[in-house]
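In: what shape does this take:
(3 chains)
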Amino acid sequence: MTSINTDYRKDLKQMNNYATTTGALLATLRSNKPVVHHLTNYVTVNDCANIVLAGGASPIMADDLDEVAEIVAIAAALVLNIGTLNHRTITAMLAAGRKANELGIPVVLDPVGAGASKLRNETALELLRQVRVGVLRGNMSEIRFVGGLAASTKGVDASEADLEGDNQNGKQIARDLAQKLNCVVAITGPNDYISDGARTVGIANGHPMLSAITGAGCMCTSLIGAFLGVTTDYFEAAVAGVLCMGIAGELAFQAAGDRGTGSFRTALLDSISRLDPKTLEKMAKVDED
Amino acid sequence: MTSINTDYRKDLKQMNNYATTTGALLATLRSNKPVVHHLTNYVTVNDCANIVLAGGASPIMADDLDEVAEIVAIAAALVLNIGTLNHRTITAMLAAGRKANELGIPVVLDPVGAGASKLRNETALELLRQVRVGVLRGNMSEIRFVGGLAASTKGVDASEADLEGDNQNGKQIARDLAQKLNCVVAITGPNDYISDGARTVGIANGHPMLSAITGAGCMCTSLIGAFLGVTTDYFEAAVAGVLCMGIAGELAFQAAGDRGTGSFRTALLDSISRLDPKTLEKMAKVDED
Amino acid sequence: MTSINTDYRKDLKQMNNYATTTGALLATLRSNKPVVHHLTNYVTVNDCANIVLAGGASPIMADDLDEVAEIVAIAAALVLNIGTLNHRTITAMLAAGRKANELGIPVVLDPVGAGASKLRNETALELLRQVRVGVLRGNMSEIRFVGGLAASTKGVDASEADLEGDNQNGKQIARDLAQKLNCVVAITGPNDYISDGARTVGIANGHPMLSAITGAGCMCTSLIGAFLGVTTDYFEAAVAGVLCMGIAGELAFQAAGDRGTGSFRTALLDSISRLDPKTLEKMAKVDED
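Out: Numbering: from 1, shown residues only, chains lettered A, B, ... in the order given. Next comes the predicted model:
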């Protein structure tokens, strides 16, 4: 019993550590308003811009090869999202990523739909080869594929096979791939797992409604991008983005109830824009190995 | 009087038939979650993704020539929407459509703005020549143009001349063009007309607010695409998509009242995500010839 | 004291003049439903389409070089927005603009992010060289840059340095640049300044929440585009667009309160769709030199 209590206190302490850090980063985001450069897909780009603004940062979307290097140079972080990639934007993503590396600007990569086509697979892997990625965020199928593990896919959603097999050992997968790929790996889904190879956490926040709207994953990636603009600890930034998104999902459902996915979507943006350190500390469900 | 009563009962029976079928398809959609591949425009693409998710299916948007064949292969239906076509995406639409035909995957075509430019006209006709289209959905001006009837146009909205002339004989036009084009034709607007050449229905559901937001037509096409993923009867799928959209429009207005088009839009998505067989049966206004 | 009263009455009269004109234009917009052709960015394009519809006009987005001339020809106004420009769309923007000039169709230009990259700078200037622009709308940084004044930039948002220095003499800057560029210049931000070189107004409507969502500037430009479809007085159209957007921002905040940016965004669209002449007259804060 003593040991249980001790563990509980330790967990609570860890939770509060991450929640506290996230709260502090959020405050910094709102005062610094870093510019976050996106090369992203046209499906959820408006959601990404709005979530970054709701978080307190300043999004800019620019994808022409002739300007990405300059735009990266005025940004504090770079988001690469291959959701609706094409040959023109792939070239621009590679150029933007290399420039970001050159300037020491952190990069988050969202390999949307990796596993669903050769073009996506090759692009995701080529980006990882040519660009030093700070954080890789995807669902279990996407991350497994990019990490070279057996993966099945169902378009842009994680397959149930991948989810079921991995809920048992999600942290281990995140840790292994973080070490293998030498970046922070954030796997989001019913449960979230984040690792930089040394530190690993699971996050139990979130709500099933997040998978009933488009863009929850993309928005999470963009939020991580925003946090990368205010800390040099990529692991902290990834935890902050995933934690904010999960808690905002819970708050959105509290606000929208069962009115439906349209109201939930509006409430999600509301929740990020109103999120405060106290709420983060109260609601965070982070457990660390 | 007896005959009136009989007709009434017959109509009600037909109504309930279509409402019942649509309810069953909706339930299947939510359990099967078919992948619906879109090559669509960047104006309403987020709305299309969200409406497909609200219906229960899984949208994926991909338009690069190098991946469309593979994405089609993992999809249960293909949506082609020429709203913001360009030469790159036209080539990809043709390739995706041909691949879908090869694999027996049903295709719905939305000839957005057909009649407004040579490029749109030629693209719509070329798609119909090279791709076996299961369902063609558009407004009266677009469908008249594609079907080779005299048409005037006013951008992406149906012209009033086309609407006035056709409300009298919308069913006849739908039936004639379905026979001529050898596909299901769905004409939506103040009144909806759907025909596969043999069966023809009119649907009196819907709300004027649907024309006060962008994307109602595109979303209807995407919903038809979702239903094509769970039935081999393309006519049933078209009726289901149009009926759900019309009823959701009425429910959205009930929920949003006169708060304005922003609230209506949110409520529309809510309504699709909450739509159930009972409501469909209660509200459906389908009449069959 | 008499002089104060006189001034007050004069100001009130001016205010009401602009509010009255805007109210009349809004009514015309809703009865004429002019087609407004956009070549715009993929971030806020859905918002632009919805705001134009909410205002009463009919948006069409088309950007392929092979169709822009035809689409312009059926439009009453042309909106050029360089938010996510690329080489393909730049060529199409120039062609669309030249065609609009040829046909006497008014053009509004939004030089999004001008100052942030050579490509944006050159494109904005090239558009002004090759196309007779009726209204140029941007934030203080963008307009300063395009007008050849010293400007700093922070991506797509106005820099604080530019804002602070200019709040004192915003009207003067608008007037000077209108004369220099020979078009109506509309600078929006915490305070709005509009001039055609002869007439100059400041508008004190608006709400800080407008800068917490993406697209407020783009939507304002699109609204100006809609008004250009119903008046030959470009200055009036620019005042109408800016005034409607500012007042709608205030109404949206009244409706959404502190629920957050998602609710504000929905309420903004609601407010434009419900805006009426009486409200315009009651709320307008226009002062003229």
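
In: only C-alpha atoms for contact and neighbour calcs from this point on.
Out: Will do.

In: distance check, the closest residue to chain C within the stretch 101-250 of chain A against C:Gly257.
Out: Of the stretch 101-250 of chain A, the residue with the smallest distance to chain C, taken as C-alpha to the nearest C-alpha, is A:Ala248 at 12.0 Å. Using C-alpha to C-alpha, to the nearest Å, A:Ala248 is found at 19 Å from C:Gly257.

In: more neighbours: those two, which one.
Out: Using other C-alpha atoms under 10 Å in any protein chain shown, the more surrounded residue of A:Ala248 and C:Gly257 is A:Ala248, with 28 against 13.

In: element containing the more buried one?
Out: helix A:234-256 (DSSP states H and E).

In: mean confidence for that helix?
Out: Mean pLDDT, helix A:234-256: 98.

In: touching chain C at all, the helix or strand just after that helix?
Out: The helix or strand immediately downstream of helix A:234-256 is helix A:261-274, counting by DSSP H and E. Yes - Helix A:261-274 reaches chain C (C-alpha under 8 Å from any C-alpha of the partner chain) through A:265-271, A:273-274.

In: by contact count, what packs against helix A:261-274?
Out: helix A:45-55, helix A:234-256, helix B:261-274, helix C:261-274 (3 or more C-alpha pairs under 8 Å, 6 or more residues apart in numbering or on different chains; DSSP states H and E).

In: of these, which is nearest B:Pro208?
Out: Closest of the helices and strands packed on helix A:261-274 to B:Pro208 is helix B:261-274, at 11.0 Å (criterion: C-alpha to C-alpha).

In: report the buried residues of that closest one.
Out: B:261-274 (16 or more other C-alpha atoms under 10 Å in any protein chain shown).

In: returning to that earlier point: any chance of the helices and strands packed on helix A:261-274 in TSV, plus distance to B:Gly138?
Out: Below are the helices and strands packed on helix A:261-274 laid out as TSV (distance: least, C-alpha to C-alpha, whole Å):
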stretch	distance to B:Gly138
helix A:45-55	26
helix A:234-256	33
helix B:261-274	20
helix C:261-274	25
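
In: among these, which is nearest C:Val133?
Out: Nearest to C:Val133, of all the helices and strands packed on helix A:261-274, is helix C:261-274, at 25.3 Å by C-alpha to C-alpha.

In: what's the closest one in contact with?
Out: A:54, A:265-270, A:273, B:259-263, B:266, C:50-51, C:53-56, C:209, C:212-213, C:244-245, C:248-249, C:251-253, C:255-257 (C-alpha atoms under 8 Å, 6 or more residues apart in numbering or on different chains).

In: what ranges of the stretch 101-250 of chain A fall below the confidence cut-off?
Out: A:153-155, A:160-168 (pLDDT under 70).

In: cutoff 80 now
Out: Along the stretch 101-250 of chain A, segments meeting pLDDT under 80 span A:150-168.

In: per-residue pLDDT, the residue in the stretch 151-289 of chain A that chain C sits nearest to?
Out: Nearest residue of the stretch 151-289 of chain A to chain C (C-alpha to the nearest C-alpha) works out as A:Asp270 at 4.0 Å. At A:Asp270, the pLDDT value in this model is 98.

In: from A:Ala238, how far off is the closest residue to it other than its chain neighbours?
Out: Closest residue in space to A:Asp270, ignoring its immediate chain neighbours: C:Gly260 at 4.0 Å, by C-alpha to C-alpha, 6 or more residues apart in numbering or on different chains. According to C-alpha to C-alpha, C:Gly260 and A:Ala238 sit 24 Å apart.

In: quick one, which of these two is more surrounded?
Out: The residue with more neighbours, out of C:Gly260 and A:Ala238, is A:Ala238; 31 against 23, by other C-alpha under 10 Å.

In: picking that back up, out of the helices and strands packed on helix A:261-274, the one nearest A:Ile90 is which?
Out: helix A:45-55 (16.4 Å).

In: contact partners of the closest one?
Out: Counting by C-alpha under 8 Å, 6+ apart, A:26, A:29-30, A:58-60, A:215, A:218-219, A:222-223, A:226, A:269-270, A:272-274, C:42-44, C:212-214, C:261 sit against helix A:45-55.

In: make it 6 Å
Out: Helix A:45-55 is contacted by residues A:59, A:219, A:222-223, A:272-273, C:43, C:212-214 when judged by C-alpha atoms under 6 Å, 6 or more residues apart in numbering or on different chains.

In: got it, and stretch A:68-77?
Out: A:34-37, A:96, A:99, A:105-106, A:225, A:228-229, C:117.

In: quick check: the farthest pair among those?
Out: Maximum distance among the contacts of stretch A:68-77 (C-alpha to C-alpha): 22.6 Å, for A:Leu228 and C:Ser117.

In: so for the two, which residue has more residues nearby?
Out: Neighbour count, other C-alpha under 10 Å: between A:Leu228 and C:Ser117, A:Leu228 has more, with 32 against 21.

In: how about the more buried one: what's its closest non-neighbour residue?
Out: A:Ala237 (5.4 Å).

In: need the helices for the stretch 1-150 of chain A, in chain order.
Out: In the stretch 1-150 of chain A, the helices defined using DSSP state H, counting those that start in this stretch lie at A:2-32, A:45-55, A:65-74, A:87-103, A:118-130, A:140-146.
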